[in-house]
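J.: build me a model from this:
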Amino acid sequence: MAELKLAPDELRRLRSLGIAIKTMLKIGKARITEGIVKGIRERWRRTELVKNVCEDLCRLNMKRTHDLLERKTWDLVI
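T.: Next up, the predicted model:
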């Protein structure tokens, strides 16, 4: 997948919106399952951003988790 780039002002806007989101989708011991991907897509139907929180093993290697999320959801992780 080609790397997507956002303009700095758009990235700043999305990060500000993301910080304000209260509801989070937890990624736990089972890592990124098909259920997590479906949950993300379902939330995208209602809103522009989805906030995820990583627990346990996913937290140990955030770069790998980041790459997996981008690959499985086919979208940009900020």
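
J.: all strands for this structure, in order.
T.: For the chain, applying DSSP state E gives strands covering 25-27, 52-54.

J.: pLDDT averaged over the last one - what is it?
T.: Okay, so that is strand 52-54. Across strand 52-54, pLDDT averages out at 83.

J.: what sits up against stretch 47-63?
T.: 14, 17-18, 21, 23-29, 31-32, 40, 43-44, 65, 69, 78 (Cβ atoms under 8 Å, 6 or more residues apart in numbering). Any C-beta I mention is one placed from the backbone N, CA and C, and that applies to glycine too.

J.: who wins for proximity to E10 among the strands of the chain?
T.: strand 52-54 (19.8 Å; Cβ to Cβ).

J.: tell me the buried residues in that closest one?
T.: N52, C54 (16 or more other Cβ atoms under 10 Å).

J.: which residue sits farthest out from the middle of the protein?
T.: Here the chain reaches farthest from its C-alpha mean at D9, the gap being 19.3 Å by Cα atoms, centre = their mean.

J.: just for this structure, where's the confidence low?
T.: Within the chain, the stretches with pLDDT under 70 are 1-4.

J.: want to try JSON lines for the strands of the chain, with distance to K5 as columns?
T.: Formatted as JSON lines, those follow (distance: least, Cβ to Cβ, whole Å):
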{"stretch": "strand 25-27", "distance to K5": "25"}
{"stretch": "strand 52-54", "distance to K5": "21"}
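
J.: neighbours of L57, how many?
T.: Neighbour count for L57, taken as other Cβ atoms under 10 Å: 14.

J.: likewise T73?
T.: Neighbours around T73, by other Cβ under 10 Å: 16.

J.: surely it and E42 touch.
T.: No - if you go by Cβ atoms under 8 Å, T73 and E42 don't touch, sitting 11.7 Å apart.

J.: quick check, distance from stretch 18-32 to the centre of its chain.
T.: The chain centre lies 8 Å from the centre of stretch 18-32; the measure is Cα atoms, centre = their mean, to the nearest Å.
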